Each structure stands twice: as structure tokens, then as C-alpha cells.
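A.B. asks: this one's sequence-less:
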Ligand SMILES: [Zn+2]
């Protein structure tokens, strides 16, 4: 299936292609203070493929905090958090916020990563996040309905 996400104003968006189903995709609710402030519910598939779009790259806020091993992408116009991006030697990896999609109300499981080291965190992302491409200056494709 393909899951399309967009921020509120449409500047940022993503497409996640996955062979997983809603029975196997398992949305996660991280317990860090950033994710709780956004009521984040994230999905990823290491066998899938993700593309992140930023129509106006000057309005892509790339926020880092904590161990600073990933960038959290927020829209600089409407403020919506669409997902996180990590650049590793192998390429980009992303986890994407289901709250920015039409599937925002599907349930997620509480998850805690607070005890990880920076190396452990980066290894987990390479293992579990979705291989991803960042397309700056490219508007998100039209979603199949209100996101
Ligand atoms: Zn926006």
C-alpha cells in the first residue's frame, strides 16, 4: 500500500510505499517529550521506500535535540511535524508521522527509546526506519483525499 502524508498547508509531504498491511505495520507512539507534545504516531518499514517532499525548502524546519542523531521535520509555515530523517553512510532513513495522514486515528503502541546510546539509536534506525529520499523544491503529490 501507499500512505501519503501532508502538513496542514501542503508545503511538506511524504509517500510511504510498503508491502505491510495495517495488521503488520504497527504504528508507534514514542514517549519522548517532543513526540508527546505533537501526539506523534509513527510508522516505518525497512523493506519499504519513502519519499519526503518540501515544496519550499526554506520552510522546512530541521529540528535536532537530545542526542542530535536525527532531524525532525516540521513545516515552517503551518507547524505540522511530518516525520524524522537520519542521514547515514548507506543513505537516508525516515520514520513518518501517521498523524499527518488520513490514517491519523489508527491506534499505536507506546514505545520508549530513552535508554539508548547514540550508537544504539543510529543502529536501530538503520535497521527499522524506511530507506528514504528527500526531494527539496518538489511539492508533495496530490493526496487521495483530505489528509
Ligand atoms: Zn505546512
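C.D. replies: Good, I have the coordinates. Quantities reported herein were computed from a predicted structural model and do not represent experimental measurements.
A.B. asks: is residue 138 in contact with residue 56, as I believe?
C.D. replies: No. Look at residue 138 against residue 56 with Cβ atoms under 8 Å: they stay out of range, at 10.4 Å. To be clear about C-beta, it is placed using only N, CA and C from the backbone, and glycine gets the same treatment.
A.B. asks: could you list the residues of this structure in contact with the ion?
C.D. replies: Residues of the chain lying near the ion by Cβ under 5 Å from the ion: 7, 9, 11, 75, 77-78.
A.B. asks: is residue 45 in a helix, a strand, or coil?
C.D. replies: Using DSSP: H, G, I helix; E, B strand; the rest coil, the three-state assignment for residue 45 comes out as coil.
A.B. asks: can you pull the contacts of it?
C.D. replies: 16, 18-20, 25, 130 (Cβ atoms under 8 Å, 6 or more residues apart in numbering).
A.B. asks: reformat the residues you listed as JSON lines; add neighbour count.
C.D. replies: Listed next are the contacts of residue 45 as JSON lines, based on neighbours: other Cβ atoms under 10 Å:
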{"residue": "16", "neighbour count": "27"}
{"residue": "18", "neighbour count": "19"}
{"residue": "19", "neighbour count": "9"}
{"residue": "20", "neighbour count": "16"}
{"residue": "25", "neighbour count": "19"}
{"residue": "130", "neighbour count": "24"}
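A.B. asks: what helix or strand does residue 85 sit in?
C.D. replies: strand 81-88 (DSSP states H and E).
A.B. asks: same question for residue 105.
C.D. replies: Using DSSP H and E, residue 105 falls outside every helix and strand.
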